[in-house]
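Undergrad: Dropping a prediction and its sequence here:
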Amino acid sequence: MAPKWDYVKRVKKGDLGDAKSVTAKELRTNLAEVLNRVGRGGEQILVKRHGKPFVAIVATYDLQACQALEDYSDVKEWERMEASGELDGPGIPLNEFVKKHGP
């Protein structure tokens, strides 16, 4: 899991690091330029709508890094649950879970 300070700093305080921002209107007007800045220049672009963060555009290697971190966190959580006895079997198949709880 992420260190507590990282969660507080990044999520609760809205710290988006050194990501540049554009408005949705600017993105529509300059889509090719923004994509080149991300894809070739490695920038992370935050798109704001009505002055609030809406989506981020990141390079594929940034996305892969985020997914790897999430996978690592998931494995650590699974190991913790397994060690504490919270898991009492192999679980249920995904299709049964979706039937019961929805997609």
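TA: That came in fine, so what should we check first?

Undergrad: show me what contacts Lys48?
TA: The contact partners of Lys48, by Cβ atoms under 8 Å, 6 or more residues apart in numbering, come to 21-24, 54. To be clear about C-beta, it is placed using only N, CA and C from the backbone, and glycine gets the same treatment.

Undergrad: ok, now with 10 Å
TA: 21-27, 54-55 (Cβ atoms under 10 Å, 6 or more residues apart in numbering).

Undergrad: Return the closest of the residues you listed with respect to Met81.
TA: Among the contacts of Lys48, Val55 lies closest to Met81 (Cβ to Cβ), at 31.7 Å.

Undergrad: Not counting sequence-adjacent ones, nearest residue to that closest one?
TA: The shortest distance from Val55 to any non-neighbouring residue, by Cβ to Cβ, 6 or more residues apart in numbering, is to Val47 (4.9 Å).

Undergrad: Now the buried members of the contacts of Lys48.
TA: Buried residues within those, counting neighbours by 16 or more other Cβ atoms under 10 Å: 22, 27.

Undergrad: Let's have the contacts of Lys48 in TSV, adding secondary structure.
TA: Shown next, in TSV, are these (DSSP: H, G, I helix; E, B strand; the rest coil):
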residue	secondary structure
Ser21	strand
Val22	strand
Thr23	strand
Ala24	helix
Lys25	helix
Glu26	helix
Leu27	helix
Phe54	strand
Val55	strand
